[in-house]
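[1] Pasting the sequence and the predicted coordinates here, then a few questions.
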Amino acid sequence: MDPTVSGFLSRAVQQEADIARLKADIARLQNGKMQDGSDEEDQVSPELQKLRAANDKLKFRITHLKRNIEAEKGQSDDCMPDINEVLKDVFGDAIRAAFPDLADPVIAVTTSQQQRFGDYQCNSAMGLAQQLKALGQKVAPREIAQNIISHVGENDIVDKLDIAGPGFINIHLKKTFVCPILNKILTRGVLPPSVGEKKKVIIDMSSPNIAKEMHVGHLRSTIIGESISRLLEFVGHNILKLNHLGDWGTQFGMLIAHLEDQFPNYREESPPLQDLQTFYKASKVRFDNEEEFKKRAYALVVRLQAHDPDIIKAWKLICEISYREFNKIYDKLDIHNLIPRGESFYQDLMGDVVKELDGKGFLEFDEGRKIMFVPDTTIPMTIVKSDGGYTYDTSDMAAIRQRLHDEKGDWILYVIDAGQGVHMQCVFSGAKKAGWYDPTKNRVEHIGFGVVLGEDKKKFKTRSGDTVKLKDLLDEGLKRALDKLKEKGRHEVLSPEELEAAQQSVAYGCIKYADLCHNRVNDYVFSFDRMLDDKGNTAVYLLYAYTRIKSIARLAKLDQEAITKAAASVAVSLDHEKEWKLAKCIIKFPSIITKILDDLYMHTLCEYLYELSTTFTEFYDVCYCVEKDKQTGEVVKVNMDRILLCEATAAVMSKGFSILGLKEVSKM
């Protein structure tokens with residue numbers, strides 16, 4: 001049996017014995033009614049008060065021991081502890097034991113901002129003072145803090161506690177708690193925090209239009225959606241990424257009509273149609289100027305909706321050409337398993353939606369339309385138009401119903417620009433009203449985001465005023481990244497293959513990171529000069545920092561096998577204050593992931609990676625990892641425990657990059 005598991009089982013058995021013994025102690029303390037029939041409250045002797053106090057402490061110890069047993073028995077070898085959550089458990093138990101009359105006590109644990117205030121802080125005392133005041137009890141926050149401390153039992157995480165100011169509890173971690181986490185990172189890799197039951201998550205993202213090129217307006221949905229999917233996949237959820245393409249509607253009538261004229265043999269042989277954007281523009285000109293062409297286009301739309309085999313073939317041909325062009329962009333951005341499921345998929349489902357909503361009495365007639373009022377908005381949804389046709393409201397209601405009922409989605413996330421907020425709120429409210437989901441069981445959420453601006457702070461356009469094509473943007477990124485690398489002389493030291501890898505890493509990484517490092521609800525200014533800056537919170541800075549960290553082990557002539565072997569046997573000392581600061585920053589990673597899972601703001605991860613990188617620089621500047629002879633330059637000493645800190649830092653950065661969609665390189 002694994003020694004760690006054996007140790008846990010041994011401790012669990014011992015703690016079960018402790019619980020049995022403590023239960024016996026409590027049984028001896030329980031009195032119920034006094035012998036003369038009066039209530040205990042009428043005759044409380046000092047001795048009984050002491051026994052009751054001891055009883056309360058014993059009950060708390062049982063609760064704490066049970067929690068420890070469950071934690072150790074259920075501790076998965078496939079996750080890392082979230083320090084914030086562990087400390088909330090410790091102080092939550094203490095607060096409930098100290099103040100049993102409070103139904104919902106404040107439990108506030110945060111990272112300390114200054115080293116002199118410990119590693120973490122419990123800031124519950126002030127809030128608890130207000131809660132007790134509401135119950136008619138006036139207690140000073142500092143006294144409350146002292147009471148909390150007195151109820152914190154022995155545990156594996158807290159080294160010492162002290163009180164600062166009016167009642168802040170400074171928490172100092174045990175190094176014996178931190179070191180095994182670092183070793184686990186090095187031997188098992190960077191693991192996620194425990195998130196409980198795994199969910200099926202459906203992510204609606206990217207969503208370009210068929211027969212049109214992807215442009216900068218699709219950038220944010222694509223990048224943010226991909227990063228969120230990578231995050232959720234990392235913690236173990238089952239992800240279904242859907243590309244809600246604009247692949248249905250009247251525009252296909254003019255496209256198919258133009259296809260018939262230009263390539264009349266399309267049914268027998270695939271036409272050599274490459275530039276679909278130009279083809280679309282030509283068909284639009286004809287639609288706007290040729291009345292007969294327009295009539296034929298409308299007739300073809302009717303045949304398309306009736307699933308005429310020849311027209312469906314033409315439609316599929318146009319869609320497949322678009323798919324190929326979209327996939328070129330997705331390949332560059334390292335986006336895979338994005339399922340094309342456009343508006344056409346839901347066409348046959350909309351009739352059932354209308355029938356159900358009508359049957360439940362939710363639809364009203366309004367000037368020939370069938371509309372549906374939903375809670376929290378005065379604007380009704382149009383479910384059926386006056387001509388009997390359907391709308392985006394109908395299509396999106398059909399989509400959410402299919403994703404909840406057929407796909408069995410636990411979470412449905414729509415990564416769509418903030419301008420669609422009112423529409424999405426109507427759809428969500430409509431689905432709730434229809435009884436399709438329960439907000440307490442399903443997470444249905446609009447992941448809104450702002451627009452991309454040019455350096456003039458206006459919507460990002462080309463100089464001629466056209467929308468910026470995504471392909472052109474990525475190509476420009478490649479060019480500028482190569483110029484930057486050559487400016488730094490990297491083409492002189494890197495092989496052609498290494499230079500190309502660095503170029504792509506920087507180009508695509510800087511575009512993704514510039515988007516993700518901002519709060520997604522805000523607009524952001526697109527600037528290649530800022531993105532490619534190697535100072536500050538940029539992808540270039542972080543990627544360079546990573547390559548520098550990885551070079552330290554190479555300098556010490558240590559391969560991955562040697563590092564993994566050392567991690568199993570070498571104890572990281574953490575004696576120097578900068579070693580300790582770096583170690584604490586490394587083990588914050590699960591807490592960062594937990595926070596992002598709650599709000600899905602990816603800039604939090606970017607800020608953490610930048611903090612980790614700068615903390616590493618502080619450490620590296622004063623803590624020598626590899627010492628050389630000043631005369632010969634030969635390596636004379638390798639501080640293995642510090643090398644392990646370097647490698648743990650690099651491992652966490654690499655995992656962060658993976659979630660953000662950045663590709664690190666070993667040399668840059």
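    Done, it's in. Numbering: from 1, shown residues only.
[2] Does residue 444 touch residue 412 like I think?
    Yes - Residue 444 lies in contact with residue 412 (CB atoms under 8 Å); the separation is 4.7 Å. Using the backbone N, CA and C atoms, a C-beta is placed for each residue, glycine as well.
[3] Please enumerate the strands of the stretch 251-400 of the chain.
    338-340, 364-366, 369-372, 381-384 (DSSP state E, counting those that start in this stretch).
[4] any idea how far the third one is from the chain center?
    The reference is to strand 369-372. Between the centre of strand 369-372 and the centre of its chain there are 38 Å (CA atoms, centre = their mean, to the nearest Å).
[5] Run me through the strand neighbours of that strand, direction for each.
    Paired with strand 369-372 in the same sheet, following DSSP bridges, are strand 364-366 (antiparallel), strand 381-384 (antiparallel).
[6] Start and end of stretch 203-216, how far apart?
    From its first residue to its last, stretch 203-216 covers 20 Å (CA to CA, to the nearest Å).
[7] re the thing from before, from the strands paired with strand 369-372, which stretch is densest packed?
    strand 381-384 (a mean of 22; mean count of other CB atoms under 10 Å).
[8] quick revisit: could you dump the strands of the stretch 251-400 of the chain to a markdown table with distance to residue 526 and mean pLDDT?
    A markdown table is the format used below for those (distance: least, CB to CB, whole Å; pLDDT from 0 to 100):
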| stretch | distance to residue 526 | mean pLDDT |
| --- | --- | --- |
| strand 338-340 | 23 | 97 |
| strand 364-366 | 43 | 95 |
| strand 369-372 | 39 | 97 |
| strand 381-384 | 34 | 97 |
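[9] related to what we said a few turns ago, residue 444 and residue 412: which has the busier surroundings?
    More crowded of residue 444 and residue 412, by other CB atoms under 10 Å: residue 412, with 25 against 22.
[10] can you pull the pLDDT of that one?
    pLDDT recorded at residue 412 is 98.
[11] repeat for residue 460
    Looking at residue 460, the pLDDT reads 89.
[12] what sits against it?
    216, 451, 452, 453, 454, 468, 526 (CB atoms under 8 Å, 6 or more residues apart in numbering).
[13] The fourth one: neighbouring residues, count only.
    A total of 16 residues lie near residue 453 under the criterion other CB under 10 Å.
[14] Who's the closest spatial neighbour of residue 141, skipping the chain neighbours?
    residue 167 (3.2 Å; CB to CB, 6 or more residues apart in numbering).
[15] one step back: so which of the strands of the stretch 251-400 of the chain is nearest residue 490?
    Proximity to residue 490, assessed across those by CB to CB, is greatest for strand 338-340 (32.7 Å).
[16] now residue 453: how far from residue 522?
    10 Å (CB to CB, to the nearest Å).
[17] ok, back up a step: now do the shared contacts for residue 444 and residue 412.
    400, 404.
[18] gap between residue 563 and residue 641?
    Distance from residue 563 to residue 641, by CB to CB: 12 Å.
[19] Would you list the phi and psi of residue 121?
    Phi and psi for residue 121, reported as degrees, to the nearest 10, are phi -130, psi 140.
[20] For it, which residues count as its bridge partners?
    Here residue 121, judged by DSSP bridges, has bridge partners residue 110, residue 170.
[21] correct me, but it touches residue 112?
    Yes - Residue 121 is within contact range of residue 112, at 5.2 Å (criterion: CB under 8 Å).
[22] lowest confidence element among the helices and strands of this structure?
    Least confident element among the helices and strands of the chain, by mean pLDDT, DSSP states H and E: helix 46-74 (a mean of 52).
[23] ok, then the element right after that one?
    helix 83-98 (DSSP states H and E).
[24] Report the mean confidence score over that next one.
    Mean predicted lDDT for helix 83-98 stands at 96.
[25] neighbours of residue 457, just the number please.
    Other residues near residue 457 number 8, with proximity taken as other CB under 10 Å.
[26] same deal with residue 157?
    18.
[27] Same list (the strands paired with strand 369-372) but as CSV, adding distance to residue 632.
    Listed next are those as CSV, based on distance: least, CB to CB, whole Å:
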stretch, distance to residue 632
strand 364-366, 88
strand 381-384, 78
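[28] Tell me where the stretch 551-668 of the chain has strands.
    626-628, 635-638.
[29] Name the strands paired with the shortest one and say parallel or antiparallel.
    The sheet places strand 626-628 alongside strand 635-638 (antiparallel), with pairing taken from DSSP bridges.
[30] and the partner strand, how far from the chain's centre?
    That offset, for strand 635-638, works out to 41 Å (CA atoms, centre = their mean).
[31] Output that strand as CSV, restricted to C-alpha atoms.
    What follows is strand 635-638, C-alpha atoms only, in CSV (Å, rounded to 0.1, in the frame of the first residue of the first chain):
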residue,chain,number,x,y,z
VAL,A,635,29.2,25.3,-12.1
VAL,A,636,30.5,24.7,-8.6
LYS,A,637,27.2,24.3,-6.7
VAL,A,638,23.6,23.5,-7.5
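[32] which parts of it are buried?
    residue 638 (16 or more other CB atoms under 10 Å).
[33] thinking again about what came up before, so what sits against both of residue 121 and residue 112?
    Common neighbours of residue 121 and residue 112 (CB under 8 Å, 6+ apart) are 170, 171.
[34] Between these two, point out the one with more neighbours.
    residue 121 (20 against 17).
[35] low-confidence ranges in this protein?
    The model of the chain has pLDDT under 70 over residues 1-76.
[36] Go again with 80.
    Within the chain, the segments meeting pLDDT under 80 span 1-77, 272-274, 462-465.
[37] Indicate which one of the strands paired with strand 369-372 is closest to residue 279.
    Closest among those, using CB to CB: strand 381-384, at 32.0 Å.
[38] number of nearby residues for residue 115?
    Residue 115, neighbours per other CB under 10 Å, totals 11.
[39] residues in contact with it?
    577, 581.
[40] Go again with 7 Å.
    Not one residue lies near residue 115 by CB atoms under 7 Å, 6 or more residues apart in numbering.
[41] Any idea how far apart the tips of stretch 375-382 sit?
    With CA to CA, one end of stretch 375-382 sits 15 Å from the other.
[42] Can you give me the buried ones in it?
    380, 381, 382.
[43] Export the residues you listed to JSON lines and append columns for distance to residue 297.
    Output for those, formatted as JSON lines (distance: CB to CB, whole Å):
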{"residue": "380", "distance to residue 297": "31"}
{"residue": "381", "distance to residue 297": "28"}
{"residue": "382", "distance to residue 297": "24"}
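[44] Which one of the residues you listed is nearest to residue 425?
    residue 381 (10.8 Å).
[45] what about the residue nearest to residue 628 when sequence neighbours are not counted, distance to residue 579?
    In this structure, residue 628 finds its nearest non-sequential neighbour in residue 635, 5.6 Å apart by CB to CB, 6+ apart. From residue 635 across to residue 579, the span is 20 Å (CB to CB).
[46] try residue 154
    Residue 154 is 26 Å from residue 579, by CB to CB.
[47] Show me which of the two is the more surrounded one.
    For residue 154 versus residue 579, neighbours defined as other CB under 10 Å are more numerous around residue 579 (19 against 8).
[48] I'd say the more buried one and residue 643 touch.
    No - in this structure, residue 579 is not within contact of residue 643 by CB atoms under 7 Å, at 11.9 Å.
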